[in-house]
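> structure here, sequence nowhere to be found:
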Ligand code: HEC
């Protein structure tokens, strides 16, 4: 009986641990694209300062036509690069979020630190696509 007890104390935990390992990493799962395309730092700025207008729930059709963060990674390479160029341009010129929106909601104002984060991210992504 001692052998049985020892076996159980090894096999049982092994099965449990194995079960959890499988739960944590299901076979064949790949890294979520959004996770790698928008690093946490970048996502935070987009969510806070850009996403409200440039997403499915945005009220301005012009904004949605210009840029949709969720569909950006799925566009053709050339379209992604063109959009990233537009993003860098509006940030350099301090055009986004639009002046009117910032006047109404001062907390929407993009800090220069945040602008830099977005610009260097957009530049790096564009470069990687051009390689
Ligand atoms: C209050 C709504 C609003 C917010 C917030 C906002 N945008 Fe926009 N955005 C617009 C509208 C409306 C347009 C289309 C008209 C225009 O170009 O001014 C636009 C256009 C754009 C364009 C296309 C410009 C071009 O020249 O083609 C880019 C790129 C862009 N936005 C990036 C951003 C970024 C980056 C942020 C966050 C820092 C942001 N937007 C936040 C409303 C918004």
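Great, that's in hand. Note that the structure is predicted; figures quoted are calculated from it, not measured.
> the spatially closest residue to residue 60 that is not a sequence neighbour: neighbour count?
Distances taken as C-beta to C-beta, 6 or more residues apart in numbering place residue 53 nearest to residue 60, at 5.8 Å, with adjacent residues excluded. (Each C-beta comes from the backbone N, C-alpha and C, glycine too.) When neighbours are counted by other C-beta atoms under 10 Å, residue 53 registers 20.
> now do the helices in this structure.
With DSSP state H as the criterion, the chain has helices at 2-24, 33-37, 40-49, 61-66, 77-92, 99-104, 112-130.
> so for the third one, what gets flagged as buried?
Pointing back at helix 40-49 there. 42, 43, 45, 46, 49 (16 or more other C-beta atoms under 10 Å).
> what do you get for the fourth one?
Residues of helix 61-66 classed as buried under the neighbour-count rule (16+ other C-beta under 10 Å) are 63, 64.
> how about the fifth one?
When burial is assessed from 16+ other C-beta under 10 Å, helix 77-92 yields the following buried residues: 80, 81, 83, 84, 87, 88, 90, 91.
> the residue nearest to residue 60 and residue 119, how far apart?
For residue 53, the distance to residue 119 equals 19 Å [C-beta to C-beta, to the nearest Å].
> can you check residue 41 too?
Taken as C-beta to C-beta, the span from residue 41 to residue 119 is 13 Å.
> swap in residue 88?
Going from residue 88 to residue 119 by C-beta to C-beta gives 5 Å.
> average pLDDT for stretch 76-85?
Averaged across stretch 76-85, pLDDT comes to 97.
> tell me the contacts of the most centrally placed residue in the chain?
In the chain, the residue lying closest to the centroid (C-alpha atoms, centre = their mean) is residue 38, at 2.8 Å. Each residue near residue 38 by C-beta atoms under 8 Å, 6 or more residues apart in numbering is listed here: 46, 69.
> cross-check the buried residues of helix 77-92 against the ligand and keep the overlap.
Among those, the residues within reach of the ligand (C-beta under 6 Å from any ligand atom) are 87, 90.
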